[in-house]
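Engineer: sequence and predicted structure are below.
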Amino acid sequence: MASPPGKTSPPASEPASPVPASQRRFMDNPEVVVVTTRKIACDGVGGALGHPRVWYDMSEDDNVECKYCDRVFALKGGSRDPAR
């Protein structure tokens with residue numbers, strides 16, 4: 001008779017390693033780009049390492065977050081403007 005699952009089989013995957021503090025800083029504090037228009041484009045600013053160009057419209061909001069790279073585009077003077 002076969003042993004119950006998990007008793008002799010290896011783990012499904014390696015446990016995730018903790019995120020280094022240098023990377024956590026960027027995850028907890030995404031880059032904020034102050035803009036003067038409500039319609040913006042983001043391409044990740046990485047050239048070949050970036051992402052496809054996507055367009056965002058803030059509509060009634062004063063900021064928008066890129067779904068690819070998590071950069072925040074904040075309207076000048078808005079709630080996410082670091083100079084405010």
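Structural biologist: Arrived safely.
Engineer: now G47. Its backbone dihedrals?
Structural biologist: G47 adopts backbone torsions of phi 60, psi -120, taken as degrees, to the nearest 10.
Engineer: I meant A48, not that one.
Structural biologist: phi -70, psi -20.
Engineer: how much space between it and C42?
Structural biologist: 16 Å (Cβ to Cβ, to the nearest Å). The C-beta positions use only the backbone N, C-alpha and C, and glycine is treated the same way.
Engineer: and W55, by the same measure?
Structural biologist: Here the criterion is Cβ to Cβ. By it, W55 lies 8 Å from C42.
Engineer: so between the two, which is more surrounded?
Structural biologist: Remark: of W55 and C42, C42 carries more neighbours, 21 against 8, as counted by other Cβ atoms under 10 Å.
Engineer: thought C66 was touching R53?
Structural biologist: No: taking contacts as Cβ atoms under 8 Å, C66 lies outside contact range of R53: 10.6 Å.
Engineer: shared neighbours, those two?
Structural biologist: Both C66 and R53 are contacted by C42, under the criterion Cβ atoms under 8 Å, 6 or more residues apart in numbering.
Engineer: these two - which one has more neighbours?
Structural biologist: Remark: of C66 and R53, C66 carries more neighbours, 20 against 10, as counted by other Cβ under 10 Å.
Engineer: burial measure for the nearest residue to L75 once chain neighbours are set aside, as a count.
Structural biologist: Excluding the flanking residues, the one nearest L75 by Cβ to Cβ, 6 or more residues apart in numbering is D62, at 4.2 Å. By other Cβ under 10 Å, 15 other residues sit near D62.
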